[in-house]
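1. only geometry, no sequence info:
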């Protein structure tokens, strides 16, 4: 069951069967897009969070809103990695798969680890179902699943029987089957039924509320009564830092971070956005936070979303836009306008690649930098981070610093491009402020006055000033911290590769190898000590590997900037790094180093 | 609306920048009228924010002493929308041209009109790309010879007021750069309108399209080719001294021009079924907007209705959301429904 040797037998549990204690489990719920797998996964996640496990999730659903039922294209999955220790990724390969139909089995089988448990809904493994999933014979019966622990359960018919008293149509009754499956997994992993029961009561009207509860309990009872499982498993709470926690997705955290930033700045939080996957949830969440002085504007296109954000910033709001790759391309012209106008705003790019963990709990920092330096800031997130959930330790609001803007008070001698000597930020004088009327625009401005200027020397001075201003952000961002050992390979990452690489480095170190990890949270400017860290290691001949899910863009920039010899580790498959492949690279480097020593 | 304590004059709205349009450009006349209307409005100077895109017209904000933002091509309505939402008390103007508003910025124009964001949108229509030195524009007439259409434009032009009506604008007006008095009336009405006020200003480009509107502006032709419409007034036109003409509907619900005497009486106009302008009638406004020679071209407020404005509704929702108990409590929102504590 577990990938770690910590698993152990721990006596007898419910039903008189063995209880094993596991360190961590990866469970994947998979079914047709209409089977409610996202809901099932979310419930399992919330319950696990409440039981104190650390966790990371990976929802995985088809691009088609409703692909033909039962087909491979229509499979929707939700993976939950829960653990008694600190975990960093949704997990490489599941230890348990709940397959509601043959298509769900087929699309997920390759990802399972050897010996994994497969709970299959046998009612949906009939001839037609097998055909839709392009199976020539029934995999539950033809021996092809040898090496896996197959648990066949007629989930659909058992559910129908359990909900019989509630007078549902056959179709309605069938829709309760995800709760039956959830009930089984709750028994299997000692999850408390109560949080889900509470949620069901609040969510569904009668008779659906009672029917779903009956299905949930029936699933639990079925697992408890029949000896379909040899053991049940306990995953004790993780040792997380003390504090109050909630479960949250990346996009939701972004929205809360921005709303908080609005409060810290004492300004309206404005979001101008055009719907785009996977960034739309930022819009959805903020649209529900109006009571916190949040205004969302759903623009006619990405260009208008960006341009309106520039306008809102010009008007004095704390302005944000959120998008993904194609949208960012469309925003670039108006982003240029924000740059030359030196207006503060944040552009969130929820990249469609991924994956990642490590929540953006410090979103308000990007607003702070934008306002302090009067500059647009691009905040990178990604699809895994956006949709994946993790426990989040709630911040102490009183400990957060207010976001203070450089607002001029004396109209006498006011000039829109006079700069703060420390940050080089220009003053934020907004329309409505008497005595500060001025004109700005996309044309080059004369230093100080902001009047249109075509003077070549002035243009060079202004260009250098704008660049220097961004460079000075270095003064407020933290230095990079090297995680791990002073020697052994150093892996350098940015963005969504954090979890897999950090997990691999930790695993390598637990196995006795020496390794280290630097994760960059600021890409322009880089942290002030980055050059020193890289040069010191490469001068000693210690390998430095830049790991990224592209052809090596960060490595190219680091080489150009710091003139250091770097190795690269790249993957361009639209898939995340697996912990195992990063670990393999560390092992190779370690053995090479050993050999050359 | 915030009112100015001391009366301002047109001069108070001139900036210290040298105006750099070509000598004889129609923009000078418009600038002068805008400054006049701003001064007499009683609105304090700092409450005005003038946003423009790219093109000759878009230099406009630099020549006003108010807040001004010269943005990027076609996007001024979007920038202005964000600005107005951020501060609904501002008096926002968008200055744009036929290329800026109807070509590259067409999408933003129709949506700002549809949403009815409270602002004045002045579209200077000279039927040519001036700043890029003379290509045909979306309002250039079919067959127009320009640098990019040496054999004549093969495109069908937009009629900007009809486009605005098609986008469900709540205020649509037309005027001419040199019709000083009438232009001022239209601008006053635009400022008074709560919502997006669309004003097409026919404007001459002395360099690349000189005489763009000479059929309407030349003294001899003006009386026959222009009709000034006013809400509640019969729609008649013609020389001051001489027989008049009027508009009426023919059998097929299209407009026709009918001859009248020099000083037509009410009885004569009723007898000849002369139409009375109703600025709340969208069908009529559309017919007026589309009148081209041999019909007279309609000037004045073609259409005006009251509708809710976007920025007011947005802020009203914020106020309504705050009425929900606990909704405005950041700490409670951060906590959400379920939390757990690790000791």
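-> Okay, I see it. Nothing here was measured: the structure is a model prediction, and the numbers come from that model.
2. does the most centrally placed residue in chain B fall in a helix, a strand, or a coil region?
-> In chain B, the centroid-proximal residue (CA atoms, centre = their mean) is residue B:199; its distance is 1.6 Å. Secondary structure state of residue B:199, per DSSP: H, G, I helix; E, B strand; the rest coil, is strand.
3. and for residue A:55?
-> Put simply, residue A:55 is strand when judged by three-state DSSP.
4. do I have it right that it meets residue A:80?
-> Yes. Using CB atoms under 8 Å, residue A:55 is in contact with residue A:80, at 6.2 Å. (Each C-beta comes from the backbone N, C-alpha and C, glycine too.)
5. return every residue with contacts to both of these two.
-> Contact criterion CB atoms under 8 Å, 6 or more residues apart in numbering or on different chains; residues shared by residue A:55 and residue A:80: A:45, A:48.
6. picking that back up, so what's the residue nearest to the centre of chain B bridging to?
-> Here residue B:199 shows beta-bridge partners residue B:122, residue B:173, assigned using DSSP bridges.
7. write out the residues of the stretch 351-500 of chain A neighbouring chain B.
-> Neighbours of chain B within the stretch 351-500 of chain A, by CB under 8 Å from any CB of the partner chain: A:394-395, A:397, A:430-443, A:451-452.
8. run the last query once more with 10 Å
-> Applying CB under 10 Å from any CB of the partner chain, we find that the stretch 351-500 of chain A lies next to chain B at A:391-398, A:411, A:429-443, A:449, A:451-452.
9. out of those residues, which sit inside strands?
-> Members of those lying in strands (criterion: DSSP state E): A:391-393, A:439-441.
10. which among the residues you listed end up buried?
-> Buried residues within those, counting neighbours by 16 or more other CB atoms under 10 Å in any protein chain shown: A:391-392, A:439-441.
11. if we can go back for a sec, what is the nearest of the ones in strands among the residues of the stretch 351-500 of chain A next to chain B to chain B?
-> Taking CB to the nearest CB as the measure, chain B sits nearest to residue A:441 out of those, at 2.8 Å.
12. so what's the residue count around the nearest residue to the closest one once chain neighbours are set aside?
-> Once flanking residues are discounted, residue A:441 sits nearest to residue B:70: 2.8 Å by CB to CB, 6 or more residues apart in numbering or on different chains. By other CB atoms under 10 Å in any protein chain shown, 24 other residues sit near residue B:70.
13. measure stretch A:444-453 end to end?
-> Taking CA to CA, to the nearest Å, stretch A:444-453 runs 6 Å from one end to the other.
14. over to stretch A:283-299?
-> Start and end residues of stretch A:283-299 are separated by 11 Å (CA to CA).
15. next, the buried residues of it.
-> Within stretch A:283-299, judged by 16+ other CB under 10 Å, the buried ones are A:283, A:285-287, A:289-297, A:299.
16. narrow the residues you listed to those in strands?
-> Per DSSP E, the buried residues of stretch A:283-299 map to strands at A:294-297.
17. can I get the residues you listed in JSON lines including pLDDT and distance to chain B?
-> Shown next, in JSON lines, are these (pLDDT from 0 to 100; distance: CB to the nearest CB, whole Å):
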{"residue": "A:294", "pLDDT": "98", "distance to chain B": "8"}
{"residue": "A:295", "pLDDT": "98", "distance to chain B": "5"}
{"residue": "A:296", "pLDDT": "98", "distance to chain B": "9"}
{"residue": "A:297", "pLDDT": "98", "distance to chain B": "6"}
